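Q: Curious how this folds, go ahead:
(chains A and B)
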Amino acid sequence: DTEVTQTPKHLVMGMTNKKSLKCEQHMGHRAMYWYKQKAKKPPELMFVYSYEKLSINESVPSRFSPECPNSSLLNLHLHALQPEDSALYLCASSQAVARTYEQYFGPGTRLTVT
Amino acid sequence: QKEVEQNSGPLSVPEGAIASLNCTYSDRVSQSFFWYRQYSGKSPELIMSIYSNGDKEDGRFTAQLNKASQYVSLLIRDSQPSDSATYLCAVREAAGNKLTFGGGTRVLVKP
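A: So this is what the prediction gives:
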């Protein structure tokens, strides 16, 4: 089973709202990722958690706040976003210690900031 | 700056033909290479991974890796209209678990 689930599928929020994106995997993976993808562009890495600890932050603005409550769950808290933050937000997971590091993506959350 | 380069396409292929996609990478010590397929409006789906020089076959897909020349390719045999998608090449850096993606090649399979 290579399933990563994400909720919600779609989200529309105003610039003053606070919302959260959720991601869950049950593959026993210990690394989880947040990516942002704009139209006709490749996924752009935002954060990496390895063994529930933040290991990579790609200089993401503080209006995006990741959280990893346990090894299966990953959240992305959103606050005071800008219209240019509208994008497809993808969660992925992989083995944390393995030669392969195959990353499996969830279906994504389509975010629109108004 | 580690780079992964792909021809953006579109690569137009008749149904039943072979689609050939190429990817070059700049980081000589990269060890792991992946091909993802992404349909419009959907998330990337892992279709192939390759770690050693040579060919790796999985159904209608063949990945080819040449580390000396720093390129990886994907062949799609007996192309079907359902193969029409964007194909993303991804390279894992030597240390850690960060992937660098190419810009993707859009493939159009015409009946």
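Q: in chain A, what residue is nearest chain B?
A: A:Pro42 (3.7 Å; Cβ to the nearest Cβ). Where C-beta positions appear, they are placed from N, C-alpha and C, glycine not excepted.
Q: Quickly note the distance from that residue to B:Asp78.
A: 27 Å (Cβ to Cβ, to the nearest Å).
Q: neighbour count winner among those two?
A: Taking neighbours as other Cβ atoms under 10 Å in any protein chain shown, A:Pro42 and B:Asp78 compare with A:Pro42 leading, 23 against 12.
Q: which residues touch the more buried one?
A: Going by Cβ atoms under 8 Å, 6 or more residues apart in numbering or on different chains, A:Pro42 touches B:Leu88, B:Phe101, B:Gly102, B:Gly103, B:Gly104.
Q: can you list the residues of chain A near chain B?
A: Within chain A, the positions adjacent to chain B are A:2, A:31, A:41-43, A:45, A:48, A:50, A:55-56, A:88, A:90, A:94, A:96, A:99-108 by Cβ under 8 Å from any Cβ of the partner chain.
Q: Just the closest of the contacts of A:Pro42 to A:Met15, please.
A: In terms of Cβ to Cβ, no member of these lies closer to A:Met15 than B:Phe101, at 28.9 Å.
Q: what does chain B have sitting close to chain A?
A: Residues of chain B lying near chain A (Cβ under 8 Å from any Cβ): B:31-32, B:34, B:36, B:42-46, B:49, B:51, B:88, B:90, B:92, B:96-99, B:101-104.
Q: The same query, at a cut-off of 7 Å, please.
A: Contacts of chain B with chain A, taken as Cβ under 7 Å from any Cβ of the partner chain, map to B:32, B:34, B:43-44, B:46, B:49, B:51, B:88, B:92, B:97-99, B:101-104.
Q: Now tell me which of those residues the prediction trusts least.
A: Across the residues of chain B next to chain A, the member with the lowest pLDDT is B:Asn97, scoring 77.
Q: Just list the residues touching A:Cys23, thanks.
A: A:Val4, A:Gln6, A:Met32, A:Leu74, A:Cys91, A:Gly106 (Cβ atoms under 7 Å, 6 or more residues apart in numbering or on different chains).
Q: now A:Ser65
A: By Cβ under 7 Å, 6+ apart, the contact list for A:Ser65 reads A:His77.
Q: just the one 10 residues further on next, same as before
A: Contact analysis of A:Asn75 by Cβ under 7 Å, 6+ apart lists A:Ser20, A:Leu21, A:Lys22, A:Pro66, A:Glu67, A:Pro69.
Q: In ChimeraX, select just the buried ones from the residues of chain A next to chain B.
A: Buried residues within the residues of chain A next to chain B, by 16 or more other Cβ atoms under 10 Å in any protein chain shown, are selected in ChimeraX with:
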select /A:31,42,43,45,48,50,56,88,90,94,96,101,102,103,104,105,106,107,108
